[in-house]
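**Student:** Kindly return the folded structure for what I paste below:
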Amino acid sequence: MTANKGRKKSAVRRSTARLAAVQALYQSELTGQSPDRILDDFLTYGIGSRVLVPGAAADDYTETEEEHLLAEPDALLLAAIFRGALIRLDALDGMIAGALSGEWTVERLEAVLRSILRCGAFELADCPDVPVRVVISEYVDIAHAFYAGPEPGLVNAVLDRIAHVVRAQEMGDDVRSR
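**Tutor:** Got it, this is the predicted structure:
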C-alpha cells in the first residue's frame, strides 16, 4: 500500500469513527443503554462492524471500491469522542446553547442534530490537535448525510461560533479584546 493510500484509508477510518460516535451518542440518548454496552456493540457489530460512509449506496460501487464504501472506524477515536461527549454533556450543551441564535435551545433541536453538535463541540474543546476546519468540515458532512435542508448550515454556524470561543487563537481572534 502506498503512503498516500494509507493516509486516505486512515482519514476514512477517522471520518467513520466520527459518524459512529454521533450514532452512538444518539443511541445513548434514545435508549438509555450503558455507554459500555453501546460502545461494545459499535465496535463488535458496528453498524455491521463497519459503517456505511455517508452518501454512499452499496450498489454504486464495485468490489475494488468497497473499501471506500465501508470502513472500519478508528476505535480509539470513536471511544474518545463518544465517552468524552457523554462525560462533558452539560458543558457541551452550554457551549451549544451559547452559539444558538434567537429562541433556539439545545432541547428544541432534533436528537440527531443535537448529537452531531455535541460531538463536534467536544472535538473543538478537547482535541486541539485536530484543526478547526477539519472538525467543522467533518460534522457538516455528517449533517449532510442526515439532512437535506438547512441543518448542515446550522451545524457550520454553531461549530464556527464555538470555535471562536474555545480556539480563539487558532481562529485568529484577539483574545485580549474579549
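**Student:** Grab the CA positions of stretch 11-22 and hand them over as CSV.
**Tutor:** Extracted in CSV, the C-alpha atoms of stretch 11-22 (Å, rounded to 0.1, in the frame of the first residue of the first chain):
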residue,chain,number,x,y,z
ALA,A,11,-8.8,9.6,7.1
VAL,A,12,-11.8,7.5,6.1
ARG,A,13,-11.5,5.5,9.3
ARG,A,14,-11.5,8.8,11.4
SER,A,15,-14.5,10.1,9.4
THR,A,16,-16.3,6.8,10.0
ALA,A,17,-15.4,7.0,13.8
ARG,A,18,-17.0,10.4,13.9
LEU,A,19,-20.2,9.2,12.2
ALA,A,20,-20.3,6.2,14.6
ALA,A,21,-19.7,8.4,17.6
VAL,A,22,-22.7,10.6,16.6
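**Student:** Would you mark the buried spots in that stretch?
**Tutor:** Across stretch 11-22, burial judged by 16 or more other Cβ atoms under 10 Å covers 12-22. Glycine gets a C-beta too; all of them are placed from N, C-alpha and C.
**Student:** Likewise for stretch 151-160?
**Tutor:** 151-152, 154-160.
**Student:** Ok, stretch 21-39 next?
**Tutor:** Going by 16+ other Cβ under 10 Å, stretch 21-39 has these buried residues: 21-28, 35, 38-39.
**Student:** returning to that earlier point: with the buried residues of stretch 151-160 in mind, which one is nearest to Ala168?
**Tutor:** For these, the residue nearest Ala168 by Cβ to Cβ is Asp160; the value is 12.2 Å.
**Student:** Give me the residues contacting the helix or strand Val158 falls within.
**Tutor:** In the assignment (DSSP states H and E), Val158 maps to helix 151-166. Residues outside helix 151-166 that contact it (Cβ atoms under 8 Å, 6 or more residues apart in numbering): 95-96, 98-101, 110, 113, 116-117, 120-121, 124-125, 132, 135-136, 139-140, 142-144, 170-171, 173.
**Student:** what is the rounded mean pLDDT of it?
**Tutor:** The average pLDDT within helix 151-166 is 97.
**Student:** Check stretch 81-101 too.
**Tutor:** 96.
**Student:** Compute the first-to-last residue distance for that stretch.
**Tutor:** 25 Å (Cα to Cα, to the nearest Å).
**Student:** re the thing from before, show me which of the contacts of helix 151-166 are buried.
**Tutor:** Counted by 16+ other Cβ under 10 Å, the contacts of helix 151-166 give 95-96, 99-100, 113, 116-117, 120-121, 124-125, 132, 135-136, 139-140, 142-143 as buried.
**Student:** Sitting in helices, which of those do you find?
**Tutor:** Among these, the members found in helices (DSSP state H) are 95-96, 99, 113, 116-117, 120-121, 124-125, 132, 135-136, 139-140, 142-143.
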